[in-house]
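**Q** Return atomic coordinates for the entry below.
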Amino acid sequence: MGTKNISCFKKKRQETDGIIIFEDEAAFRQDPTIHRSWFRCGSRSYIPTYGQRNTQHVYGAISIHDARFSYHFADTCNSSTHREFLEMLIRKFHPQRIFLVEDNAKYHKNPDMWFWFDAHRKEVEPWFLPPYSPEFNPMESLWGYTRREGTHNHFFPNVDELIDSIKTVFRSIQSHPRLIQNYLVPFQ
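**A** Predicted coordinates for the structure are as follows:
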């Protein structure tokens, strides 16, 4: 998506009264991640761990104009779970047309997805970011915010507590969009 395409994209969205949504996937692990923290000089930060590698996969989407955030947990990220998430977005934003901006994950562009996009062209129009350009997707900043607020420097004895922590951050984003508004300003 070059500069010319972005302006065309925004103009098309205005003409059809659509909504621009950025979509991405993330994986959150039960293992603790140590991030910046304050502690006594000369001592080490210690967070217990079971050494388990349980991973939670999450789809996320954000509307850049009103900061409406949607998410969906999945066992894995593939074309069928991606379609489930997109169908949820269609129901949520109906009757608005969704201009969907996403990265170039293989399952975003496989033949099943192109067939699905063709069947739902009245509801969703896909736009793909340039390869290897996460800086163009505001969802990347939201994943970072979620990690800082919900998972960094925390011990999760079981997967349910990890999920609860992630959902707590997501619910705070949904009920207080101003928390993430600064991440969206460059994309508006």
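**Q** middle-most residue in this structure, spatially?
**A** Gly60 (3.0 Å; C-alpha atoms, centre = their mean).
**Q** show me the contacts for it.
**A** Applying C-beta atoms under 8 Å, 6 or more residues apart in numbering to Gly60 gives the contacts Glu23, Asp24, Glu25, Ala26, Phe69, Ser70, Tyr71, Met139, Leu142, Trp143. Yep, even glycine has a C-beta here, placed from its N, CA and C like the rest.
**Q** again with Arg178
**A** Contact analysis of Arg178 by C-beta under 8 Å, 6+ apart lists Ala67.
**Q** that older thread, go through the contacts of Gly60 and name the one nearest Glu102.
**A** Using C-beta to C-beta, Glu23 is the member of the contacts of Gly60 that lies nearest Glu102, at 4.5 Å.
**Q** Give me the neighbour count for that closest one.
**A** Neighbour count of Glu23, defined by other C-beta atoms under 10 Å: 22.
**Q** residues in contact with it?
**A** Glu23 neighbours (C-beta under 8 Å, 6+ apart): Tyr59, Gly60, Ala61, Phe85, Leu86, Leu89, Leu100, Val101, Glu102, Met139.
**Q** tell me the average confidence for the biggest strand by length in the chain?
**A** Longest strand of the chain, by residue count under DSSP state E: strand 19-29. For strand 19-29, mean pLDDT rounds to 94.
**Q** From Tyr183, how far off is Arg53?
**A** Per C-beta to C-beta, to the nearest Å, Arg53 is found 29 Å from Tyr183.
**Q** Where is the longest helix in this structure?
**A** helix 159-175 (DSSP state H).
**Q** Which residue ranges of this protein form helices?
**A** Using DSSP H, the helices of the chain run over 3-16, 79-93, 111-119, 138-146, 159-175, 181-184.
**Q** Adding mean pLDDT as columns, could you present the ones you listed in JSON lines?
**A** JSON lines is the format used below for these (pLDDT from 0 to 100):
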{"stretch": "helix 3-16", "mean pLDDT": "58"}
{"stretch": "helix 79-93", "mean pLDDT": "96"}
{"stretch": "helix 111-119", "mean pLDDT": "95"}
{"stretch": "helix 138-146", "mean pLDDT": "94"}
{"stretch": "helix 159-175", "mean pLDDT": "95"}
{"stretch": "helix 181-184", "mean pLDDT": "86"}
